[in-house]
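> Fold the stuff below for me.
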Amino acid sequence: MFCSSPECKGQDSVTQPTGDFIAAEGDTVTLACTFQTSDPNTYLFWYKQEVNDSPKYILQRYSGGGDNAAEFQKNRFDATLNKTSVPLTIQKLQLSDSAVYYCALFPGLIAGDTISPVKEEVSGREGESVTLTCTYQTSYSADLYWYKYHSDLQAPQFILFKGARGSRAEYIPDKRYKSQTSYTSTELTIQSLTLADTALYYCDSSFSLTFLDDDDCSITVISKASISLNVNRPQQEEELHN
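Numbering: from 1, shown residues only. Next comes the predicted model:
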């Protein structure tokens, strides 16, 4: 659910101020992000999105610590998790830092609307295609998202979103992925499988990222489900390796 009015509130939400932040090369800036959550173990993430690109994971913070992505070193990108805020500080600004920055909650609230996998584990062979399916129930025209999750040391990687309940809205930056949705299900098809596709995949209804809205925005996480995908080598290659 995307909300840009003061009246729009959710039990779990993130809020960022509107407007552009202008600074000079070499300066230090701090980007604000406040949140509300009922979950004491919530993870907070920061993402960077450049023009015509999907969000890139910068860092995560939680009550026990956090980590940064390799290309966003802590000596330049850092955040401190407070009770209701997680401001991002960027030091020694570079021209390449010009982008839109988003903070996000994960995994967030599990509410009345539901989403669940048809199969919790799926296997495929390198070079082939595989389809992952989730069924959902929702009372409004939500957006459905797919994410790839390698390990607890990395944030979920955005794959695509597609409108639910017959909506034609979609954003699929990598054309190796395809998606179909109906009024009760969402499918993710991965073509030309590689061993690197082995991961946990999340199907989400209205996740907390705000990359489709430029306004000040509070967003409620409705629900999520996960599917484990294991990619194997073709049988002939397996025999050669054995």
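> Asp204 contacts Tyr136, doesn't it?
No: under the criterion of Cβ atoms under 8 Å, Asp204 makes no contact with Tyr136, lying 9.7 Å away. The C-beta positions use only the backbone N, C-alpha and C, and glycine is treated the same way.
> Which of these two has more residues huddled nearby?
Asp204 (29 against 24; other Cβ atoms under 10 Å).
> Okay, now the sheet partners of the strand or helix carrying that one, with direction.
For Asp204, the host element (DSSP states H and E) is strand 199-205. Here strand 199-205 has these sheet partners by DSSP bridges: strand 143-149 (antiparallel), strand 223-232 (antiparallel).
> contacting residues for Gly127?
Counting by Cβ atoms under 8 Å, 6 or more residues apart in numbering, Gly127 touches 192-193, 234.
> And it, how close does it get to Thr133?
According to Cβ to Cβ, to the nearest Å, Gly127 and Thr133 sit 21 Å apart.
> Glu121 now?
With Cβ to Cβ as the criterion, Glu121 and Thr133 are 13 Å apart.
> before we move on, what about Tyr177?
14 Å.
> what sits in contact with each of the two?
Joint contacts of Tyr177 and Thr133 (Cβ under 8 Å, 6+ apart) are Leu188.
> This structure: helices as residue ranges?
235-241 (DSSP state H).
> Can you list the low-confidence ranges for it?
1-12, 41, 52-54, 106-113, 138-142, 151-155, 165-166, 206-226, 235-242 (pLDDT under 70).
> domain ranges for the protein?
2-106, 114-238 (automatic domain parsing).
> Tell me which of these sits most buried.
Comparing those by mean neighbour count (mean count of other Cβ atoms under 10 Å), domain 114-238 comes out on top with a mean of 17.
> What sits closest to Pro17 if chain neighbours are left out?
Spatially, and ignoring its direct neighbours in sequence, Pro17 is nearest to Ala32 (5.6 Å; Cβ to Cβ, 6 or more residues apart in numbering).
> Quick check: that neighbour vs Ser167, distance?
32 Å.
> Check Pro173 too.
In terms of Cβ to Cβ, Pro173 sits 18 Å off from Ser167.
> Next: Tyr149.
Taking Cβ to Cβ, one finds Tyr149 at 25 Å from Ser167.
> And Tyr183, by the same measure?
10 Å.
> Please apply the same query to Thr133.
Distance from Thr133 to Ser167, by Cβ to Cβ: 18 Å.
> same check, this time on Thr30
Taken as Cβ to Cβ, the span from Thr30 to Ser167 is 37 Å.
> again, but for Asp67
Taken as Cβ to Cβ, the span from Asp67 to Ser167 is 35 Å.
> try Tyr177
In terms of Cβ to Cβ, Tyr177 sits 18 Å off from Ser167.
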